[in-house]
Every structure is written in C-alpha cells, then in structure tokens.
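[1] I would like the atomic coordinates for the input below:
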Amino acid sequence: MMYYKTVQLPFQSCTSSFEDSKVVVFSSPMDSTTSFRPGTRFAGNAIRVDSFGVEWYSPYWDMDLKEHNTCDIGDLDLPIGDVNKSLDIIQKTTQDIIDSNKKVMMVGGEHLVTLGVVRALVNKYSDLHIIHLDAHTDLRDEFFGMKLSHATVLRRCYDMLGDDKIFQFGIRSGDKHEFEWSKGKTHLRKFDLVGLKETIEKLKDKQVYITIDLDVLDPSVFPGTGTPEPGGITYKELLDAILSFGNLNNIVGADIVELSPHYDHSGASTAVAAKTLREMILLLHR
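    Now for the predicted structure:
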C-alpha cells in the first residue's frame with residue numbers, strides 16, 4: 001500500500017489497522033476532467049472534519065460504527081492533471097484492498113475515479129454488476145474529445161461489463177444520444193428510484209458495486225456539487241435506497257462522489273455526505 005498519505009484525521013471512528021479491518025475507506029482527490037465547477041478534490045478531508053459532528057451510532061441500521069473494524073487510509077497521492085496515472089493508482093490501491101479480502105469504500109473526487117475501482121474489481125469478480133444513482137447518464141463515448149471523463153465513466157464501465165450489468169436510477173440529464181444508446185444496454189430509470197427494490201431482488205445474489213453520485217439529490221438538499229441538476233430526489237429517498245441495499249448478499253464495494261464542499265458555505269452538503277458515508281460503511285459491514 002504505497003499510494004496513500006498518512007491520515008492525520010480519519011473519518012470518525014475508522015481508526016482500526018488495515019490488517020484488522022473488514023472495510024477500508026480511502027478518498028481520491030481528483031477533479032481533472034470536471035467540466036463545470038471544480039473542487040471535488042477537497043471532499044475527502046472536508047468529510048473527515050465534518051464526521052466529528054456525526055454520531056457513531058446509526059439508528060437506521062441499529063449499528064455503531066466504533067464497534068466495527070474500519071480503516072481509513074486517507075487521500076490517495078494522485079498526481080494533479082495526470083488522469084491515467086491517477087486511475088492507475090486508484091486501481092492498484094483497490095487491488096491491494098480486495099486481494100486482502102476486504103471491502104472498498106471510496107470517496108470522490110469526480111465520478112471518473114469510479115473507473116479505477118471497477119477496473120480492479122473486474123479482475124476478481126467475474127459477474128460484476130453496478131447500481132448507479134446519479135443525475136447524469138455518464139454514458140457519452142467522448143466528452144470534449146476525451147474518452148476518460150466524468151461524463152464517460154459509466155460508458156467505460158460498460159465497455160468492460162457489457163449489456164444488462166449496469167442499473168441506473170435518478171437520471172435526469174444527458175445528451176439525447178446517451179438516452180437512446182442506453183436502450184438494451186443499461187437499465188436506465190429517469191427522474192426517480194422507482195424499480196430499485198425490484199432490481200435489488202434481481203441482483204440479490206450477484207456481485208454488486210454501488211456508485212452514488214451525490215448530485216442525484218436535488219440541489220435544494222445538496223447544492224455543494226460541480227453540476228447541480230434541479231429535479232432530484234430527497235435525502236429520505238436516498239437513505240431508503242441505502243437501507244434497501246442491505247438486501248443484497250454480495251456487495252463487493254461502493255463509492256460516493258462529486259461533493260465540492262466550498263460551493264455550500266452553510267456546510268449542509270458536507271454534512272449530507274458525511275452521514276451518507278457512515279451509512280454506506282455500515283452497509284458494507286452487514
């Protein structure tokens with residue numbers, strides 16, 4: 001594990017050793033391809049600071065984070081501006097974690113960082129499926145001439161997984177061609193989370209990775225993001241979705257991405273992200 005920085009301030013009670021932990025948390029401070037408002041590179045440490053205002057105990061899960069061994073290895077040491085090298089570091093770090101039979105919980109960073117994790121997971125899991133909550137399709141083949149972009153990340157995941165392996169919810173923004181291209185390739189639900197519980201039942205025994213772009217939330221709930229998109233879900237709807245993920249039997253990892261903390265001076269968006277991270281870590285401990 002050579003690519004992460006020493007953690008001075010871990011997320012809440014996530015202070016167990018790597019060896020003793022079932023879940024390993026890291027953040028990927030990359031926003032190299034952000035096309036509107038940059039700043040997601042600052043999310044990880046903002047969430048760590050804010051986590052001290054979040055209780056260890058989750059009444060939703062009836063679980064206490066301090067009673068479950070979790071290691072926060074901190075921000076990965078990513079070279080600013082070098083997308084390929086950054087994705088390589090994320091992939092290698094993920095590979096180290098899953099080769100040690102631990103579950104990965106990543107904090108973005110722009111959504112492209114998900115690709116680094118998925119590249120590692122497909123090397124180990126032969127039947128990987130993705131559940132994707134987001135405001136945006138992220139299915140462009142290129143964006144500003146780039147194959148690797150926050151707007152192409154799920155397309156690049158599709159290139160590895162193929163048809164019927166990606167399930168998208170909350171989608172309300174994208175190029176017309178993306179919506180048309182998705183038909184018969186991904187399962188795309190526009191605007192809301194209707195059908196998520198049925199999808200979870202379908203994927204109950206499959207190997208599943210969960211990626212949550214926090215801009216799936218309405219900007220009235222979560223304004224601190226690079227590409228806010230009105231018409232999103234409420235936090236209660238997101239929380240209900242996370243709790244429903246508890247019915248999956250083989251979650252291999254997860255991420256939350258796209259917090260840009262400095263666009264919300266109230267701190268509410270960072271608080272939302274910190275609480276979401278607590279619930280996601282506990283999900284992986286179930």
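
[2] now the element after the helix or strand hosting residue 241, going C-ward?
    Assigned by DSSP states H and E, residue 241 belongs to helix 235-244. Under the assignment DSSP H and E, the closest C-terminal helix or strand after helix 235-244 is strand 251-257.

[3] how would you label residue 117: helix, strand or coil?
    helix (DSSP: H, G, I helix; E, B strand; the rest coil).

[4] mind jotting down where the strands sit in the stretch 51-200 of the chain?
    Using DSSP state E, counting those that start in this stretch, the strands of the stretch 51-200 of the chain run over residues 57-58, 63-64, 70-75, 103-108, 128-133, 166-171, 187-190.

[5] out of the ones you listed, which gets nearest to residue 212?
    Closest to residue 212 of the strands of the stretch 51-200 of the chain is strand 128-133 (CB to CB; 4.8 Å). Glycine gets a C-beta too; all of them are placed from N, C-alpha and C.

[6] contact partners of the closest one?
    118, 121-122, 138, 154, 157, 161, 165-170, 193, 196, 199-200, 203, 206-213, 216, 238, 241, 245, 252 (CB atoms under 8 Å, 6 or more residues apart in numbering).

[7] repeat the analysis, applying 7 Å as the threshold.
    Residues outside strand 128-133 that contact it (CB atoms under 7 Å, 6 or more residues apart in numbering) are 121-122, 154, 157, 161, 165-170, 199, 203, 206-213, 216, 241.

[8] now intersect those residues with the helices, please.
    Judged by DSSP state H, helices contain the following of the contacts of strand 128-133: 121, 122, 154, 157, 161, 199, 241.

[9] the residues you listed: which two are farthest apart?
    Greatest spatial distance among these (CB to CB): 122 and 241, at 24.1 Å.

[10] among those two, which residue is more densely surrounded?
    More crowded of residue 122 and residue 241, by other CB atoms under 10 Å: residue 241, with 21 against 16.

[11] shaky segments in this protein?
    Across the chain, the ranges flagged by pLDDT under 70 are 1-8.

[12] coming back round to it: just send the strands of the stretch 51-200 of the chain back as TSV, with distance to residue 46 and mean neighbour count too.
    TSV is the format used below for those (distance: least, CB to CB, whole Å; neighbours: other CB atoms under 10 Å):
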stretch	distance to residue 46	mean neighbour count
strand 57-58	21	16
strand 63-64	24	16
strand 70-75	11	24
strand 103-108	10	26
strand 128-133	21	23
strand 166-171	23	24
strand 187-190	30	18
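
[13] to residue 15, which of those lies closest?
    Nearest to residue 15, of all the strands of the stretch 51-200 of the chain, is strand 70-75, at 7.4 Å by CB to CB.

[14] list the contacts of the spatially most central residue of the chain.
    By CA atoms, centre = their mean, the mean C-alpha position of the chain lies nearest to residue 255, the distance being 2.3 Å. Taking CB under 7 Å, 6+ apart, we find residue 255 in contact with 106, 107, 108, 114, 117, 211, 212.

[15] name the nearest residue to it, ignoring sequence neighbours.
    residue 106 (4.1 Å; CB to CB, 6 or more residues apart in numbering).

[16] what residues are up against residue 70?
    Contacts of residue 70 (CB under 7 Å, 6+ apart): 14, 16, 21, 23, 25, 281.

[17] what's the answer for residue 79, then?
    By CB under 7 Å, 6+ apart, the neighbours of residue 79 are 85, 86.

[18] hang on, the earlier thing: among the ones in helices among the contacts of strand 128-133, who's most crowded?
    Ranking these using other CB under 10 Å puts residue 154 first, with 30 neighbours.

[19] what residues are up against the nearest residue to it once chain neighbours are set aside?
    Among residues not flanking residue 154 along the chain, residue 138 sits closest, at 4.1 Å (CB to CB, 6+ apart). By CB under 7 Å, 6+ apart, residue 138 lies in contact with 111, 151, 152, 153, 154, 155.

[20] now stretch 234-247: buried residues?
    Neighbour-count burial for stretch 234-247 flags 237, 238, 241, 242, 245 (criterion: 16 or more other CB atoms under 10 Å).

[21] shouldn't the last one be in contact with residue 282?
    Same thing as residue 245. No: here residue 245 does not reach residue 282: they are 10.8 Å apart, not a contact under CB atoms under 7 Å.

[22] and residue 122, how far from residue 273?
    Distance check for residue 122 against residue 273: by CB to CB, to the nearest Å, it reads 27 Å.

[23] equivalent analysis for residue 61, please.
    Distance, residue 61 to residue 273, using CB to CB: 18 Å.
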